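K.L.:
Coordinates only, no sequence provided:
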């Protein structure tokens, strides 16, 4: 049986970060536009540890994360991150449910209305079309 205990994000975040809450439904927006933004979910990493997922619990995924973080060749990096993502989907304790979408309306009369996953939209770049 699951007992839901909804709370405002501002007050619940501390319980989650400190490990008092082992389960939660959270938004994870990117801090920066790169696949490395999801490495903290690995075993022994910040978010993984909040879920009680130590490195020793899944050394194979921990090794995949280490390979991904250190890869510099673009092709190797893609392979490493793909392997990490597949392993996380197969055996990780996290269940990604929703990837939030953004709706942006613009017209031919507006230039610069470009969405960016990191900072949403650079408002200063929006101007009447020339």
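P.N.:
Nice, I can see it. Since the model is a prediction, treat every value here as computed from it, not as a measurement.
K.L.:
Now the phi/psi pair for the nearest residue to residue 39 once chain neighbours are set aside, please.
P.N.:
Residue nearest to residue 39 in three dimensions, not counting chain neighbours: residue 65, with 5.3 Å by CB to CB, 6 or more residues apart in numbering. Just so you know, the C-beta spots here come from the backbone N, C-alpha and C atoms, and that holds for glycine as well. Backbone torsions of residue 65, given as degrees, to the nearest 10, read phi -60, psi -40.
K.L.:
Next up, the contacts around residue 65.
P.N.:
39, 42, 43, 45, 84 (CB atoms under 8 Å, 6 or more residues apart in numbering).
K.L.:
ditto for residue 58
P.N.:
Here residue 58 is in contact with 43, 91, 92 (CB under 8 Å, 6+ apart).
K.L.:
The same query, at a cut-off of 6 Å, please.
P.N.:
Neighbour list for residue 58: residue 43 [criterion: CB atoms under 6 Å, 6 or more residues apart in numbering].
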